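K.L.:
return atomic coordinates for the entry below.
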Amino acid sequence: MNRTAARLVLGASVAGPALCQLAVRYWGRRGTALVACVCTGLAARDLAMVADGVPSRLCRGPATLLYLELLAALAAAGLNWRAVLHGAEVARGLSGPDTGARGAAPDPFEVARRGAVAALFGLHTARFRIYLGPDQGRRQAPAS
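P.N.:
Sure thing, here's the model as predicted:
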């Protein structure tokens, strides 16, 4: 991957939670469905990597991050799909933009949904940053 594309992907990963929340806030149920699709896609990719045996080729840290990212992706996908099925009111947490400045807080489900999305993108960003390193997080071949 060339340097510019790598930086763009890394930046999008860092901005992921904020972009997801913007989509939910402005497009309601459709935005939540979009976020659910993104989380499901990341979960499917992580699951395919685990099934392909990628963790056995990685150092302990990156392999652990892959497993944690898979768990976070499954949680984020499940919580977002639940929000889609139960309507935009649940996905927005509150009707309209955040009213945290006015004293109201999102319900616990919404806090969990946002936390799962933030965890997913945080872990994804950490893993991608390791991948951009010289060894890509791979184990060293045993010396002969």
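K.L.:
by mean pLDDT, flag the weakest helix or strand of this structure.
P.N.:
For the chain, using mean pLDDT, DSSP states H and E, the weakest element among its helices and strands is helix 88-92, scoring a mean of 50.
K.L.:
after it comes which helix or strand?
P.N.:
helix 108-131 (DSSP states H and E).
K.L.:
list the contacts for the spatially most central residue of the chain?
P.N.:
The centre of the chain sits closest to residue 120, judged by C-alpha atoms, centre = their mean, with a distance of 2.9 Å. Residue 120 makes contacts with 16, 39, 42, 69, 72, 73, 75, 76, as judged by C-beta atoms under 8 Å, 6 or more residues apart in numbering. No exception for glycine: its C-beta is placed from N, CA and C like everyone else's.
K.L.:
please repeat the previous calculation with a cut-off of 6 Å.
P.N.:
The neighbours of residue 120, taking C-beta atoms under 6 Å, 6 or more residues apart in numbering as the test, are 72, 73, 76.
K.L.:
go on, residue 33?
P.N.:
Residue 33 makes contact with residue 84 under the criterion C-beta under 6 Å, 6+ apart.
K.L.:
name the SS class of it, please.
P.N.:
helix (DSSP: H, G, I helix; E, B strand; the rest coil).
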